[in-house]
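J.: need a structure here:
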Amino acid sequence: MPSKEEKQRRRQIGQTLTSQERVREEASLPLSKAQLRTLLDTLDNALAEDSNDGASGSCDHTLSRTQAFLTENSLPQDGILDWLRGQGGYCDCEVLANVGEIWADRLEAI
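T.: This is a model prediction of the structure:
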C-alpha cells in the first residue's frame, strides 16, 4: 500500500498531466476562446428563436448557421469546421450541445 506521500505525489502527477493536456487542447483551437463562446451563444440564440417561431425542429441538421457565423466574422471555414466535426459538431445543434459541453468550463471565465 502506497504511503501518504506517494499518494500525494501521484495525485500531483495526475493534475500536472491534466493541466498539460488542457493547454495542448486549447492550443489546438482554430479560433479564439472568445470567438468560440460567441459562436455558441449565437447558435443558442438562433436555435431558440427558430424553435419559438414554431419551426418544426429548430435544427436543419446542417452547419448553415455555423457557416454563416464564420463568414460574417471572416473566419476560415475549412479548418474550423473540421475541428468542430472532430469535437462531435456535425450540425448546428451538435456544435451547441457537444462542443459546448466539452468546452463549457473553459469558456466560463470569458
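J.: list the buried ones in stretch 73-81?
T.: With burial defined by 16 or more other C-beta atoms under 10 Å, the residues of stretch 73-81 counted as buried are Leu75, Ile80, Leu81. Just so you know, the C-beta spots here come from the backbone N, C-alpha and C atoms, and that holds for glycine as well.
J.: show me these that map onto strands.
T.: Per DSSP state E, strands hold no members of those.
J.: quick one: which of these sit in helices?
T.: Ile80, Leu81 (DSSP state H).
J.: can you lay out the buried residues of stretch 73-81 as a markdown table showing pLDDT and distance to His61?
T.: Formatted as a markdown table, the buried residues of stretch 73-81 follow (pLDDT from 0 to 100; distance: C-beta to C-beta, whole Å):
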| residue | pLDDT | distance to His61 |
| --- | --- | --- |
| Leu75 | 97 | 22 |
| Ile80 | 98 | 19 |
| Leu81 | 98 | 15 |
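J.: go through the buried residues of stretch 73-81 and name the one nearest Glu5.
T.: Here the nearest of these to Glu5, counting by C-beta to C-beta, is Ile80; it sits at 45.8 Å.
J.: centre of the chain to the strand or helix carrying Ala68, how far?
T.: If you go by DSSP states H and E, Ala68 is part of helix 64-72. Relative to its chain's centre, helix 64-72 lies at 15 Å (C-alpha atoms, centre = their mean, to the nearest Å).
J.: stretch 102-110 too?
T.: Taking C-alpha atoms, centre = their mean, one finds the center of stretch 102-110 at 8 Å from the center of the full chain.
J.: tell me the mean pLDDT over that stretch?
T.: The average pLDDT for stretch 102-110 rounds to 82.
J.: how near is the residue minimising distance to the centre of the chain to Gln12?
T.: The centroid of the chain falls nearest to Val99 when counting by C-alpha atoms, centre = their mean (3.2 Å). Using C-beta to C-beta, to the nearest Å, we find Val99 at a distance of 30 Å from Gln12.
J.: I'm done for today, thanks for sticking with me.
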